[in-house]
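Novice: Any chance you can model this:
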Amino acid sequence: MHQRRLVMAGLFAPLLMAIALVQTLAEPLGGTSIVVLACALIAAGWLAVILLATSGKPWLAECVLLPVATLSSAAVVAAAGLASPLALLLILPLVECVWVRRDRIGLVAGLVAALVVLPLHAWIGGMLPSAPVAAGAWHWFVPVLYLATIAVRATAFLAEREGQAAARRPANVEDLIEAVVLRMSRTGEVVDASAKAEPLLGLQPGLLIGSGLFDRVHVADRVAYLCALSDLREGAAARRLEIRLRAPRASAEESDEKYAHFTIEFANTGDASEPVIALLRDNAELPALRVALAEARDGAGQIEIAKSRFLGVVSHELRTPLNAIIGFSDMLEHEMFGPFADPRQKEYVGLIRESGNHLLAVVTSILDVSKIECGSYPIEPEPFRFRDAVETCRSMVQLSAEQKSLTLQAELPAAIGQIVADRRAVQQILINLMSNAVKFTPAGGSVTVGANRLGSRLHFWVNDTGIGISEEDLGRLGQPFTQLRNDYTREYEGAGLGLSLVKGLVALHEGAMMVESAPGQGTMVTISLPIAGPSGRAASGKGDVIQLKSDEETDGQIKKIA
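Specialist: Now for the predicted structure:
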């Protein structure tokens with residue numbers, strides 16, 4: 001826009017000044033000289049436009065146009081005299097500078113040019129061969145034309161400013177939002193209602209004025225409605241509630257009243273004239289969503305109960321024959337009824353016994369998880385030395401670690417002391433964590449069990465140098481019957497119940513579990529339990545599986561906290 005205004009000034013102002021020079025200097029200079037001077041003036045304007053078009057630098061054109069305008073206006077005034085209407089051209093450099101640039105630099109440059117014109121016109125007048133030309137009616141042509149251009153540009157400028165102000169002016173909020181805007185008094189009477197009342201409520205806004213809105217509120221919702229208004233009168237900033245409003249009857253013959261669901265939000269403005277503003281929004285989808293959510297919850301609850309009962313029944317039914325299989329295979333393996341005729345028979349019996357023990361461990365884990373989810377897993381807190389529990393579990397896992405050439409060590413301070421908890425549950429936690437660490441650590445690695453006391457809680461952890469866990473797999477970690485499958489874990493077997501059982505047992509003790517891992521950098525599982533035991537926990541409290549939360553560390557490790 002700056003360049004456009006500069007181009008217009010370069011094309012129009014020199015032409016206007018050339019006409020004025022012809023009017024005033026034709027007699028003193030002669031026809032040939034005045035034509036050359038007028039052409040030179042117009043050419044200077046074109047030169048400024050060409051400089052702007054080729055360089056893209058407005059200041060080059062301005063450096064040409066401003067001196068030309070100053071000299072030409074001084075020459076015209078010197079030839080016509082200060083009494084002539086052409087003396088109005090003294091303001092041309094100032095007006096054009098301000099109009100083109102529209103900034104402080106333009107104003108300063110225009111003022112300087114206007115001040116230079118006054119002494120300059122006297123100097124030029126002394127050089128002219130004759131006295132100033134007497135003013136005539138034809139001297140008004142150029143000033144009137146220039147004033148007309150100023151008026152046109154001023155009108156366009158005002159229209160442009162008004163358009164910009166309208167563009168910056170915010171739209172009416174009442175027309176943008178899908179809600180009825182209500183202005184209410186402190187007593188709850190509606191003073192004004194927006195036009196959205198008709199499309200949303202099917203009512204003219206005037207029908208809500210006064211007590212019209214309250215009369216349409218369902219009787220069961222009026223107490224909450226009045227309480228919200230009372231809170232606003234006592235200084236509350238805002239209130240929000242769900243109400244039902246009586247819908248208009250479709251016909252006069254219709255007798256049953258129908259109610260529609262809405263949400264109304266009150267805001268205390270603090271204004272004495274309009275103290276309360278309310279937004280009334282359509283809320284027809286909420287009841288259906290609530291019904292669907294309740295049905296989904298009931299269905300999920302029934303499915304969980306049925307699943308837990310099924311797992312419990314199946315687990316009980318499987319344990320009896322499994323115990324028989326393990327017992328008889330053990331008897332056969334020890335050749336209590338005579339030696340085997342073929343050594344392979346003893347090998348097969350050993351495989352049957354190992355498979356039975358593995359299956360019994362899986363069934364027992366399923367039963368324990370089912371009990372925790374049903375809230376029927378009994379815990380019996382008792383004081384015991386935590387070091388003894390660790391040593392017991394370490395001796396049980398030591399053989400598996402030696403078979404894989406792993407280093408299994410315990411780093412326990414001497415003052416680790418006692419903890420009040422269910423010893424069987426704590427040992428189950430330790431065994432599961434250490435077994436997982438041994439299972440997922442390649443040969444030659446290490447597994448470390450550590451612990452310390454912090455305030456009223458005991459923190460213990462199992463750290464390994466195994467394959468680690470990726471970020472996307474941590475979100476599923478600890479879910480029952482979920483195994484993390486990738487190129488590293490396909491060779492490992494399991495039912496995916498170890499960490500799920502650990503989470504449930506930790507929750508029963510009002511503890512917390514945190515998993516820190518990264519692919520290829522091992523895994524550390526930290527358990528935090530209250531030293532004094534779970535407070536207010538019944539012997540058969542329910543173990544809720546707590547959702548894990550993700551927190552990414554700056555060193556690339558991923559943490560999961562339960």
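
Novice: drop to CA atoms for contacts and neighbour counts, all remaining ones
Specialist: Will do.

Novice: So what touches stretch 7-25?
Specialist: Contacts with stretch 7-25, where a contact means C-alpha atoms under 8 Å, 6 or more residues apart in numbering, come from 34-35, 37-39, 41-42, 44-46, 48-49, 65, 69, 72-73, 75-76, 79-80, 86, 96, 100, 133, 139, 142, 146.

Novice: which among these end up buried?
Specialist: Among the contacts of stretch 7-25, those scoring as buried are 34-35, 37-38, 41-42, 44-46, 48-49, 65, 69, 72-73, 75-76, 79-80, 86, 96, 100, 133, 139, 142, 146 (criterion: 16 or more other C-alpha atoms under 10 Å).

Novice: Of those residues, which belong to helices?
Specialist: Within those, residues falling in helices by DSSP state H are 34-35, 37-38, 41-42, 44-46, 48-49, 65, 69, 72-73, 75-76, 79-80, 96, 100, 142, 146.

Novice: Spatially, what comes nearest to residue 266 if we skip its sequence neighbours?
Specialist: Among residues not flanking residue 266 along the chain, residue 278 sits closest, at 4.4 Å (C-alpha to C-alpha, 6 or more residues apart in numbering).

Novice: Sheet-wise, list the partners of the helix or strand that neighbour falls within with their directions.
Specialist: Using DSSP states H and E, residue 278 sits within strand 276-282. Sheet pairing of strand 276-282 (DSSP bridges) gives strand 180-184 (antiparallel), strand 259-268 (antiparallel).

Novice: Quick one: the ones you listed as TSV, columns for mean neighbour count too.
Specialist: Formatted as TSV, those follow (neighbours: other C-alpha atoms under 10 Å):
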stretch	mean neighbour count
strand 180-184	24
strand 259-268	18
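
Novice: possible to save those strands as JSON lines with distance to residue 152 and mean pLDDT?
Specialist: Shown next, in JSON lines, are these (distance: least, C-alpha to C-alpha, whole Å; pLDDT from 0 to 100):
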{"stretch": "strand 180-184", "distance to residue 152": "43", "mean pLDDT": "89"}
{"stretch": "strand 259-268", "distance to residue 152": "49", "mean pLDDT": "89"}
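
Novice: Need those in JSON lines (columns: distance to residue 515).
Specialist: Converted to JSON lines, the strands paired with strand 276-282 look like this (distance: least, C-alpha to C-alpha, whole Å):
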{"stretch": "strand 180-184", "distance to residue 515": "51"}
{"stretch": "strand 259-268", "distance to residue 515": "43"}
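
Novice: could you pull out the strands for the protein?
Specialist: Here the chain has its strands, by DSSP state E, at 180-184, 190-193, 238-246, 259-268, 276-282, 382-385, 407-411, 418-421, 446-454, 457-464, 512-517, 523-530, 549-552, 558-561.

Novice: What is the distance between the longest one and the centre of its chain?
Specialist: Its chain's C-alpha centre lies 27 Å from the corresponding centre of strand 259-268 when counted by C-alpha atoms, centre = their mean, to the nearest Å.

Novice: where are the low-confidence patches of the stretch 251-400 of the chain?
Specialist: 251-255, 272-274, 312, 373-376 (pLDDT under 70).

Novice: In this protein, what helix or strand scores lowest on average pLDDT?
Specialist: Here the helix or strand of the chain ranked lowest by mean pLDDT, DSSP states H and E is strand 549-552, holding a mean of 40.

Novice: Contact partners for the closest residue to residue 143 other than its chain neighbours?
Specialist: Leaving aside its sequence neighbours, residue 143 sits nearest to residue 86 (C-alpha to C-alpha, 6+ apart; 6.0 Å). Listed by C-alpha under 8 Å, 6+ apart, the contact partners of residue 86 are 20, 76, 77, 80, 139, 140, 142, 143.

Novice: could those go into a markdown table alongside distance to residue 466?
Specialist: Converted to a markdown table, these look like this (distance: C-alpha to C-alpha, whole Å):
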| residue | distance to residue 466 |
| --- | --- |
| 20 | 96 |
| 76 | 96 |
| 77 | 97 |
| 80 | 101 |
| 139 | 101 |
| 140 | 99 |
| 142 | 94 |
| 143 | 93 |
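
Novice: Can you check what pLDDT the model gives residue 28?
Specialist: pLDDT recorded at residue 28 is 65.

Novice: for the protein, what's the longest helix?
Specialist: helix 285-333.

Novice: Run the chain-centre distance for that one.
Specialist: 40 Å.

Novice: One more: stretch 398-406?
Specialist: 49 Å.

Novice: ok, and what's touching that stretch?
Specialist: Residues contacting stretch 398-406 (C-alpha under 8 Å, 6+ apart): 407, 408, 438, 442, 443, 444, 445, 446, 447.

Novice: Excluding chain neighbours, what is closest to the second one?
Specialist: Closest residue to residue 408 apart from its sequence neighbours, by C-alpha to C-alpha, 6+ apart: residue 447 at 4.9 Å.

Novice: Domain map for the chain?
Specialist: The record, using automatic domain parsing to delimit domains, assigns the chain the ranges 2-168, 174-283, 288-374, 382-561.

Novice: worst average pLDDT in those domains?
Specialist: Ranked by mean pLDDT, those bottom out at domain 2-168, with a mean of 73.

Novice: Tell me the gap between that one and the middle of its chain.
Specialist: 57 Å.

Novice: if we can go back for a sec, can I get the strand holding residue 278 as PDB, trimmed to CA atoms?
Specialist: As requested, the backbone C-alpha atoms of strand 276-282 are provided in PDB (Å, rounded to 0.1, in the frame of the first residue of the first chain):
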ATOM      1  CA  VAL A 276     -26.400 -12.600  36.600                       C
ATOM      2  CA  ILE A 277     -25.700 -13.900  33.100                       C
ATOM      3  CA  ALA A 278     -26.900 -17.500  32.200                       C
ATOM      4  CA  LEU A 279     -26.200 -19.700  29.300                       C
ATOM      5  CA  LEU A 280     -28.800 -22.300  28.500                       C
ATOM      6  CA  ARG A 281     -27.500 -25.100  26.300                       C
ATOM      7  CA  ASP A 282     -29.200 -28.200  24.700                       C
END
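
Novice: ok and it relative to strand 238-246, angle-wise?
Specialist: 50 degrees (axes from the mean of the first three to the mean of the last three C-alpha atoms, to 10 degrees).

Novice: outside of strand 276-282, which residues touch it?
Specialist: If you take C-alpha under 8 Å, 6+ apart as the criterion, strand 276-282 is touched by 178-186, 200, 232, 261-270.

Novice: now do 7 Å
Specialist: 178-186, 261-269 (C-alpha atoms under 7 Å, 6 or more residues apart in numbering).

Novice: ok so, going back, find the pair from the contacts of stretch 398-406 with maximum spatial separation.
Specialist: 408 and 442 (12.9 Å; C-alpha to C-alpha).

Novice: Show me which of those two is the more surrounded one.
Specialist: Using other C-alpha atoms under 10 Å, the more surrounded residue of residue 408 and residue 442 is residue 408, with 22 against 17.

Novice: Could you save the strands of the chain as TSV and add columns showing distance to residue 322?
Specialist: Shown next, in TSV, are these (distance: least, C-alpha to C-alpha, whole Å):
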stretch	distance to residue 322
strand 180-184	70
strand 190-193	76
strand 238-246	59
strand 259-268	60
strand 276-282	62
strand 382-385	31
strand 407-411	31
strand 418-421	30
strand 446-454	32
strand 457-464	32
strand 512-517	33
strand 523-530	32
strand 549-552	39
strand 558-561	37
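
Novice: looking at these, which is closest to residue 330?
Specialist: The minimum distance between residue 330 and those falls on strand 407-411, with 29.4 Å, by C-alpha to C-alpha.
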